[in-house]
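[1] Just to be clear, the model below is a prediction. Sequence and coordinates:
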Amino acid sequence: TWVGDGTGVSSVIDYGKSFRDISSLINNTFIRKDFAVSAGPGNSQQVIIKHCIMKVGYLTRLLIICRGDIHEGVNSFITKDLGKTFSTIAQNIFSFGYIGGFLFTSVMAKMGSPRVLYVSSDHGDSFNKALLPSASTEQFYSVLDGDEYMIFMHVDTPGEETYFGTVYTSDDRGILYSKSLERHLFGGEGKSDFTNITSLRGVYLTNVLDKDGLIRTVISFDRGGEWRLLTKPDNVDCGKGMNNCNLHIHGETSLYNGITPMLPLSDPAAIGLVIAHGSTGDSISSMRPDVYISRDGGYTWKRTLKGPHHYSILDSGGLIVAVESRRDQQVNSIKFSTDEGQCWKSYNFTDHPIFLAGLASEPGAKTMNISVWGYRPEDDDQPMWVAVTIDFQHLLTRECGDLDYVEWLAHSTGGGVSEANGCVLGYKETFRRLRSQSVCRNGRDYVVSRKHTPCQCTIHDYMCDYGYYRHENSSECVKETGLSDKPKESCENGEEVEPQTSGYQKIPSDKCEGGFTPKLPNARNCGNVSVAVISLYNNK
């Protein structure tokens with residue numbers, strides 16, 4: 001792992017070109033095999049090392065968060081003064097966590113009863129019941145993604161090992177949820193293909209398990225408002241007689257030759273750039289995946305490398321590197337592209353090939369150093385681990401100038417209603433991005449330049465309210481059936497709100513102005529509810 005502030009002053013002082021042994025500083029204890037070293041949250045100079053101390057009869061693990069079976073009476077606590085005092089925030093909890101600006105916990109009224117989700121958007125001062133279907137002991141909730149504006153929540157479908165569920169999106173309080181995507185694939189061991197494309201605002205992709213038993217990839221360009229299949233790349237032909245041919249992306253649930261291919265990669269510094277493994281056809285194929293690249297955030301794609309690879313984004317997207325992933329064969333060359341994957345060149349980084357384990361391009365996508373690491377078998381059958389660091393500053397020596405950049409309107413491709421003019425989530429974004437033909441370096445100080453222009457509101461700036469959903473191939477929100485046993489109102493911060501109204505609510509973070517305006521929910525005072533909601537719920 002990389003630690004430090006990116007200036008080169010860190011535990012690894014020269015971007016991985018040399019190392020020193022510091023095992024003695026941690027008393028030469030046994031280091032965990034997986035996820036052993038990480039940078040401290042919020043402190044780039046801090047290193048967290050997870051290790052084990054062996055004692056007679058038991059094993060003590062340090063700095064590891066453990067979660068066991070739920071037991072009646074289990075509580076969750078929170079402190080806001082660095083441990084001087086603690087407050088109970090939930091009783092009889094099944095799970096607790098946080099993401100973005102939200103704390104959440106699933107609660108059982110008693111052992112074996114359905115779990116209900118409670119959410120806080122004020123750092124734990126108060127919790128409100130989320131308007132979501134309850135989960136039985138055989139089901140689960142899973143937070144897929146979230147930020148300060150909203151939460152993506154997966155609710156498992158009832159039944160034993162169904163491997164799919166429903167994705168819901170929240171309002172800006174994390175309380176009111178609307179159905180976003182049905183039959184969302186959720187594999188065993190908590191594996192989900194849900195991916196936030198960080199190189200373009202509002203873009204998410206994931207896989208669904210359709211009723212015909214096939215797995216297909218869908219993408220949303222408006223934070224889960226609408227989902228669609230990916231377009232087929234122009235440089236790939238599908239089989240004869242195939243009526244439906246689309247690109248499908250391999251994620252955590254995919255396996256090829258017993259190994260999960262590298263997951264989709266994007267970065268906020270590399271605007272519009274997405275790299276992923278995929279296959280074309282009417283569904284995901286178990287055959288060997290290829291590498292595909294999108295330059296516009298997922299609207300259009302191109303096959304750029306055949307077969308599985310490890311890949312990384314360098315120099316804010318000005319450079320892409322890839323190494324072929326061969327399970328039973330050693331490698332000694334790295335491929336690189338300066339035009340977002342249109343053309344590739346190769347460089348032999350060692351005279352002694354290695355079995356590839358991975359790439360490390362820290363700190364982030366702004367670096368021009370890449371470390372290739374793996375191992376070579378020795379005579380005693382013990383592997384010798386090797387790390388080779390390549391500095392591409394010797395390749396891209398010219399600093400980019402004004403003529404190397406061009407203005408690009410995001411969400412202006414794809415042909416959809418909202419994308420035709422670039423209006424997504426209420427405004428247009430114009431970026432200053434590098435021309436694909438320019439062979440130069442952005443540099444570590446490169447900052448993404450963007451301009452915002454507000455748009456008039458349309459129906460696409462609204463998500464469906466609780467109890468409503470968007471019917472297939474329609475933008476209109478229609479009432480969901482089978483919700484007679486769900487609460488028709490909830491008390492939040494002293495106000496009683498009616499969830500089922502006109503059927504629409506504005507998408508969190510949407511900045512549209514004027515235009516389409518549906519009727520908003522009504523509210524009336526319902527007294528003081530400063531008493532903890534969870535305590536009231538548990539005392540029923």
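    That came in fine, so what should we check first? Computed from a prediction, not measured in an experiment: that's the story for all the values here.
[2] Give the full set of residues in contact with residue 254.
    Contact partners of residue 254, counting by CB atoms under 8 Å, 6 or more residues apart in numbering, are 193, 260-261, 277, 284, 289. Where you see a C-beta, it was placed from the backbone N, CA and C, and this is true even at glycine.
[3] repeat that for 10 Å
    Neighbouring residues of residue 254 by CB atoms under 10 Å, 6 or more residues apart in numbering: 187, 191, 193, 207, 215, 248, 260-261, 263, 277-279, 284-286, 289.
[4] Which secondary structure state does it sit in?
    coil (DSSP: H, G, I helix; E, B strand; the rest coil).
[5] Let me know the distance separating it from residue 246.
    Distance of residue 254 to residue 246, computed by CB to CB, to the nearest Å: 16 Å.
[6] How many residues are close by the nearest residue to residue 355 once chain neighbours are set aside?
    Nearest non-adjacent residue to residue 355, counting by CB to CB, 6 or more residues apart in numbering: residue 374, 5.0 Å away. Residues contacting residue 374 under the criterion other CB atoms under 10 Å number 22.
[7] which phi and psi does the residue of the chain positioned farthest from its centre have?
    Centroid-distance maximum for the chain: residue 379 at 42.3 Å, with CA atoms, centre = their mean. Backbone torsions for residue 379, taken as degrees, to the nearest 10, come to phi -60, psi -30.
[8] Next one: it from residue 385, what distance?
    16 Å.
[9] With residue 142 instead?
    From residue 142 to residue 385 the distance is 35 Å (CB to CB).
[10] So the two - more neighbours on which side?
    Higher neighbour count among residue 142 and residue 385: residue 142, with 17 against 10, using other CB under 10 Å.
[11] Surely residue 288 and residue 306 touch.
    Yes - between residue 288 and residue 306 a contact is recorded at 8.2 Å, counting by CB atoms under 10 Å.
[12] Can you show me the strands along the stretch 151-300 of the chain?
    Here the stretch 151-300 of the chain has its strands, by DSSP state E, counting those that start in this stretch, at 151-156, 164-170, 177-185, 195-197, 203-209, 215-220, 228-229, 246-249, 274-281, 290-294.
[13] and these as TSV, adding mean pLDDT?
    Rendered in TSV, the data for the strands of the stretch 151-300 of the chain read as follows (pLDDT from 0 to 100):
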stretch	mean pLDDT
strand 151-156	92
strand 164-170	93
strand 177-185	91
strand 195-197	96
strand 203-209	96
strand 215-220	96
strand 228-229	95
strand 246-249	96
strand 274-281	96
strand 290-294	97
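[14] got TSV for those strands, with mean neighbour count and distance to residue 320 too?
    Output for the strands of the stretch 151-300 of the chain, formatted as TSV (neighbours: other CB atoms under 10 Å; distance: least, CB to CB, whole Å):
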stretch	mean neighbour count	distance to residue 320
strand 151-156	24	28
strand 164-170	24	30
strand 177-185	23	28
strand 195-197	22	16
strand 203-209	24	19
strand 215-220	22	21
strand 228-229	14	26
strand 246-249	24	17
strand 274-281	25	7
strand 290-294	25	8
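[15] got JSON lines for these, with distance to residue 399 too?
    Listed next are these as JSON lines, based on distance: least, CB to CB, whole Å:
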{"stretch": "strand 151-156", "distance to residue 399": "40"}
{"stretch": "strand 164-170", "distance to residue 399": "42"}
{"stretch": "strand 177-185", "distance to residue 399": "44"}
{"stretch": "strand 195-197", "distance to residue 399": "29"}
{"stretch": "strand 203-209", "distance to residue 399": "30"}
{"stretch": "strand 215-220", "distance to residue 399": "35"}
{"stretch": "strand 228-229", "distance to residue 399": "40"}
{"stretch": "strand 246-249", "distance to residue 399": "35"}
{"stretch": "strand 274-281", "distance to residue 399": "25"}
{"stretch": "strand 290-294", "distance to residue 399": "25"}
